[in-house]
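1. When you get a sec, could you give me coordinates for this:
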Amino acid sequence: MSESERYLVSRRTVHVGWGDCDAAQIVYYPNYFRWMDQGTGELFERVGLSHKAIREINGVGIPLVDAHASFRISSSFGDDLQLDSTVVEWGRTSFKVSHRFYESKGVLAAEGTEVRVWAVPHPDNPFRVGTAPIPREIIERFLLR
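-> Next comes the predicted model:
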């Protein structure tokens, strides 16, 4: 993201349910990745790009190619976390989404990133995907004006 460009933030509440926790009664870490994936989906839906709409545009979607998470404090059953998701970097064929989870007092509980690609059908192999430049009109949907 350049200094002059700011992008839409999607904010949602994640309620930690019984099944989200491990035997130590804290969030089982793969759930953060599930919630990040949902955060990306909701972010794109806010600009009119549902999974179906993206597939109609590029024929494939926006597959995940890299994901990282860092855990600051533990969260447990009954907690409500605020998840903020935003695109922080647009490349030619890929983009990075930042996800930040805050506990009720605004303390950062966890954060993560996803790198996704603008995928298209592979020209030679129907069982693979390729990448293409992300259309500028897609990026502009996320710009705050």
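2. What lies in contact with whichever strand or helix holds S98?
-> Secondary structure from DSSP states H and E places S98 in strand 94-102. Strand 94-102 has contacts (C-beta atoms under 8 Å, 6 or more residues apart in numbering) with 14, 32, 35-36, 39-40, 43, 65, 75, 81-89, 108-118, 131, 134. Quick note: C-beta positions are derived from backbone N, CA and C, even for glycine.
3. Now a PyMOL select for only the buried ones of those residues.
-> Buried members of the contacts of strand 94-102, defined by 16 or more other C-beta atoms under 10 Å, are picked up in PyMOL with:
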select buried, resi 14+32+35+36+39+40+43+75+81+83+84+85+86+87+109+110+111+112+113+114+116+117+118+131+134
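4. D66 reaches E114, doesn't it?
-> Yes. The criterion here is C-beta atoms under 8 Å, and D66 meets it with E114 at 7.1 Å.
5. and the direction of the biggest helix by length in the chain versus that of strand 94-102, what angle?
-> Longest helix in the chain, counting residues (DSSP state H): helix 30-46. Angle of helix 30-46 versus strand 94-102, following axes from the mean of the first three to the mean of the last three C-alpha atoms, to 10 degrees, is 120 degrees.
6. after helix 30-46 comes which helix or strand?
-> Following helix 30-46 in sequence, per DSSP H and E, is helix 51-58.
7. show me where pLDDT drops low in this protein?
-> For the chain, the stretches with pLDDT under 70 are 1-5.
8. Could you look up the SS state of the residue in it sticking out farthest from the centre?
-> Residue farthest from the centre of the chain, counting by C-alpha atoms, centre = their mean, is D124 at 29.5 Å. Counting by DSSP: H, G, I helix; E, B strand; the rest coil, the backbone at D124 sits in coil.
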